[in-house]
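J.: build me a model from this:
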Amino acid sequence: MLKVYLVQMESLPGKRNENLQKAEILVREARPDAGSLILFPEMFDTGYIPQQSESFGDSYSGESIGETPRFLAEISRKTGCTVIGGGMCKKQAGKTNHVGVFSPESDCETAGYDKVHPFFPERENFIAGQDITLSKINDFNVAPSICYDLRFPELYRSAVLRGADLLTVHAAWPAKRREHWETLLKARAIESQAFVAAVNCVTLDGMFSGDSQIIDPWGEILVKASPCKECIVQATLQRNVIQEARETFPFLKNDVFCK
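T.: Numbers count the residues shown, from 1 in each chain. Below is the predicted model of the structure:
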């Protein structure tokens, strides 16, 4: 069993301190149960501003980690929950669009994922990630992904082949492509026979509508956040639902690409 919390929030462009303070308040008000999983949207710390990448960027590993990973590690310790979130990450080869996995026992990320498919505005200043990341959280094998990745089903199939049963999506997905968001999330859950937990940013002007949601392996929506509203929603995932779906309708076993 795993309880998952989605932090649907508006991030003010370039206002990192204000955004981190707001994120902490939202989490504190939600009072998440220890042992749960907390998810933040893509670039929640700065807002989605890849064109301003020269002004931001953190190290997520080593002795001198940056402000955002320090914040995420602190939230994890304070709540007793695993946290997945991130922003712009500085690496030797260049910057990546990144999310890290933070556990209460560690002062830095225990695993990190770099966006494999940078969106068009990112391609000039960001390098692409090379692989998926799997983390064991309670009884679940969790594979994070970021926004535009959602359009590439092979990424998720690769994660499932390696044992993933919970796919997280951290996004800044615009409202004008809301129907794509809804459709692709369900498709990823159904074709993977896995849970999908997707957290999106929101703006009160409606440019980003949020629509954060958790979907089960049958494609049923377990919980969905109100559009254009800052909030935290949560659902409890049961491991046996995955086993039931895969045994009842075992098409993954018959996929020639899975053999």
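
J.: dump the residue contacts of Leu150.
T.: 169, 171, 173, 181, 184-185, 188, 198 (CB atoms under 8 Å, 6 or more residues apart in numbering). C-beta coordinates here come from the backbone N, C-alpha and C atoms, glycine included.

J.: I'd say Ala73 and Phe102 touch.
T.: Yes - the criterion here is CB atoms under 8 Å, and Ala73 meets it with Phe102 at 5.0 Å.

J.: returning to that earlier point: tell me the one of the contacts of Leu150 nearest Pro153?
T.: Relative to Pro153, the closest of these is Arg188; by CB to CB it sits at 6.8 Å.

J.: before we move on, the earlier item: and the contacts of Leu150, which is closest to Lys15?
T.: Ala171 (19.6 Å).

J.: state the distance from that closest one to Ser53.
T.: Distance from Ala171 to Ser53, counting by CB to CB, to the nearest Å: 18 Å.

J.: who has more neighbours out of these two?
T.: Ala171 (25 against 19; other CB atoms under 10 Å).

J.: the more buried one against Pro144, yeah?
T.: No - between Ala171 and Pro144 there is no contact under CB under 8 Å: 11.2 Å.

J.: among the contacts of Leu150, which pair sits farthest apart?
T.: Longest span within the contacts of Leu150, CB to CB: Trp173 and Arg188, 13.4 Å.

J.: would you check how far apart the nearest residue to Gln52 once chain neighbours are set aside and Arg70 are?
T.: Of all residues not flanking Gln52 in the chain, Gly14 sits nearest, at 6.4 Å (CB to CB, 6 or more residues apart in numbering). Counting by CB to CB, the gap from Gly14 to Arg70 is 19 Å.

J.: with Ile132 instead?
T.: Relative to Arg70, and taking CB to CB, Ile132 is found at 25 Å.
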